[in-house]
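1. here is my input; please provide its structure:
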Amino acid sequence: MPTAAAKKPRKKTPMSDAHKAALAAGREEGRIVRKYLEAIEQAKPRRGRKRSPDTIAKRLAAIEDELLDADPLSRLHLIEEHQRLEAELEQADDTVDLAELEEDFVRVARAYGERKGISYSAWRAVGVSAGVLQQAQIARTRR
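-> From the prediction side, this is the model:
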């Protein structure tokens, strides 16, 4: 029974500087698009009553008072609520400059979308506004 001939290892050729630059540009465009999409996702209105930092601080103080007399199971739930509220308070302090992210997005979105085959309707489905797409010169098309 004949055996398959062993393949010669392929000689690796170094990437050209232009290829490296194109890869770096693609990574940068992807990073810009990702950051903008994450920011608009985070900025979406949420259901329910909005909590201000003051009301969160008041509830944290109330939890600390309740912890003094709480039974073990209640203490567990109060500690969990305390941790969630602290995380929410920290996240409220992290303000994102959406205008700057939008400006960067407008600069790269068309090239990124064309290279990746992303349609106007796909951009709209993930929450990018029509005005931003118009600024990025992404045409409204049917697919």
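
2. longest helix of the chain?
-> Criterion DSSP state H: the longest helix present in the chain is helix 17-43.

3. that helix packs against which elements?
-> In terms of contacts (3 or more Cβ pairs under 8 Å, 6 or more residues apart in numbering; DSSP states H and E), helix 17-43 is packed against helix 98-116. Glycine gets a C-beta too; all of them are placed from N, C-alpha and C.

4. I figured R75 hits L67, correct?
-> Yes: the criterion here is Cβ atoms under 8 Å, and R75 meets it with L67 at 6.0 Å.

5. how close does the residue nearest to the spatial centre of the chain get to G113?
-> The centroid of the chain falls nearest to E38 when counting by Cα atoms, centre = their mean (2.4 Å). E38 sits 17 Å away from G113, going by Cβ to Cβ, to the nearest Å.

6. and if you look at R49?
-> 37 Å.

7. so those two - more neighbours on which side?
-> Taking other Cβ atoms under 10 Å, R49 and G113 do not tie; G113 has more neighbours (20 against 6).

8. on the three-state scheme, the closest residue to that one other than its chain neighbours is what?
-> Spatial nearest neighbour of G113, chain neighbours left out: I138 (5.9 Å); criterion: Cβ to Cβ, 6 or more residues apart in numbering. Here I138 takes the coil state, with states given by DSSP: H, G, I helix; E, B strand; the rest coil.
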